[in-house]
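K.L.:
What follows is a predicted structure for the sequence shown.
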Amino acid sequence: MTRPKDILLVTGMSGAGKSTVLKTLEDLGWEVVDNLPLLLLDRLLDAPLPEGSPDDSQPLAIGIGARTRDFDPERIVRRIREFRNRHGLEIGTLFLDCSAPELERRYSETRRRHPLALDRPAIDGIGRERDLLAPLRDWANRLIDTTEMSANELAQQIRANFSGERLGEPTLSIRSFGFARGLPRNADLVFDMRFLRNPHWDAVLRPGTGLDADVSAYIMADPAYDAAVSRIDELLVLLLPRYRAEGKSYVTVAIGCTGGRHRSVHVAERIGRRLREAGFSPSVDHRDLGAAPQDALEGSPVVL
């Protein structure tokens, strides 16, 4: 009997993007089943593969949520453990989170009723569902907060993280950002580059970014640069395998500076290269790269 190599449970807050994730995974070649009661999972695994499926079997994504029949998060966690032990399968859990105000806005915009608040305001159902799903959120080894994401951005992240990937391998993202514009919501580790001298206060360098050679040279000339960034490289190489061993297969490393255009961008690119040399496969993105430079955000220049 051929079983799927990988199984991914997709769950989370209603309105946080589960349908988008499942559709994207299906486009990537995954077999997708939504709202399947877990008591039928054995039967699903024992069923013949669909006609035309590859011999080595497709990865399987199963959508579960508050609308799934007999939904009981604590029992679901127990069942996941049982399946891992009984079948030796690689089973991951992706939890989609979203802030309550954004979920309320989405329900208002689409004029849909929340499944747990059919006769009450949506915010009541959102709070009830968050309490109900707490065991699954704590159990999940992958978490994506979609508060600031469009459906297209969420689909792009799923394609980047799940194209041809085994669930047991870590998914590593390096993201630059500006503290003046807020911390990234999905950050697991945050490193602050504001101790390095700031190219923003050089009139020639200000319009550039950390992707430019002259800006990079300016940052690398800081006396603290080599020792500090090398230690960050070493720390990540030490920590990442341990995160994988603990089942945390989705890790976002956030690199920040004041505006998110110069120092953080350069250091994120440098760390991405070093981690690739060490055998990891990080994706690198720059949240605030397109923002316009603003003196008001940068504070006052520091003379060293």
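P.N.:
Arrived safely.
K.L.:
From now on I want contacts and neighbour counts done on CA atoms only, so please keep to that.
P.N.:
Fine.
K.L.:
so where is the stretch 101-250 of the chain shaky, pLDDT-wise?
P.N.:
Along the stretch 101-250 of the chain, the parts satisfying pLDDT under 70 run over 116-117, 164-170, 245-249.
K.L.:
now with 50?
P.N.:
168 (pLDDT under 50).
K.L.:
Break down it into its strands, ranges please.
P.N.:
Assignment of strands within the stretch 101-250 of the chain using DSSP state E, counting those that start in this stretch yields the ranges 142-145, 171-178, 189-192, 250-257.
K.L.:
Quick check: which of those strands is nearest to residue 123?
P.N.:
Each of the strands of the stretch 101-250 of the chain has some distance to residue 123 by CA to CA; the shortest is strand 142-145, at 17.9 Å.
K.L.:
Does anything pack onto that closest one? Which helices or strands?
P.N.:
Based on contacts counted as 3 or more CA pairs under 8 Å, 6 or more residues apart in numbering; DSSP states H and E, the elements that strand 142-145 packs against are strand 90-97.
K.L.:
can you dump the C-alpha coordinates of stretch 135-149 into PDB?
P.N.:
Once side chains and other backbone atoms are set aside, the C-alpha atoms of stretch 135-149 remain, and they are given as PDB (Å, rounded to 0.1, in the frame of the first residue of the first chain):
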ATOM      1  CA  PRO A 135      -4.400  23.500  21.900                       C
ATOM      2  CA  LEU A 136      -3.800  23.300  18.100                       C
ATOM      3  CA  ARG A 137      -2.000  26.600  18.000                       C
ATOM      4  CA  ASP A 138       0.300  25.400  20.800                       C
ATOM      5  CA  TRP A 139       0.900  22.100  19.000                       C
ATOM      6  CA  ALA A 140       1.500  23.500  15.500                       C
ATOM      7  CA  ASN A 141       5.100  23.400  14.200                       C
ATOM      8  CA  ARG A 142       4.300  26.100  11.700                       C
ATOM      9  CA  LEU A 143       2.600  29.400  12.300                       C
ATOM     10  CA  ILE A 144       1.700  32.100   9.700                       C
ATOM     11  CA  ASP A 145       0.100  35.300  10.900                       C
ATOM     12  CA  THR A 146      -1.900  36.700   7.900                       C
ATOM     13  CA  THR A 147      -3.000  40.000   9.500                       C
ATOM     14  CA  GLU A 148      -0.900  42.100   7.100                       C
ATOM     15  CA  MET A 149      -1.100  39.700   4.100                       C
END
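K.L.:
Tabulate the strands of the stretch 101-250 of the chain in CSV, adding columns for distance to residue 240 and mean neighbour count.
P.N.:
What follows is the strands of the stretch 101-250 of the chain, written out as CSV (distance: least, CA to CA, whole Å; neighbours: other CA atoms under 10 Å):
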stretch, distance to residue 240, mean neighbour count
strand 142-145, 15, 20
strand 171-178, 9, 25
strand 189-192, 11, 15
strand 250-257, 8, 24
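K.L.:
Please report how far residue 195 lies from residue 179.
P.N.:
Between residue 195 and residue 179 the computed distance is 13 Å (CA to CA, to the nearest Å).
K.L.:
Buried ones in the longest helix along the chain, by neighbour count?
P.N.:
If you go by DSSP state H, the chain has its longest helix at helix 225-245. Of the residues in helix 225-245, those buried under the neighbour-count criterion (16 or more other CA atoms under 10 Å) are 225, 229, 233, 236, 237, 240, 241, 244.
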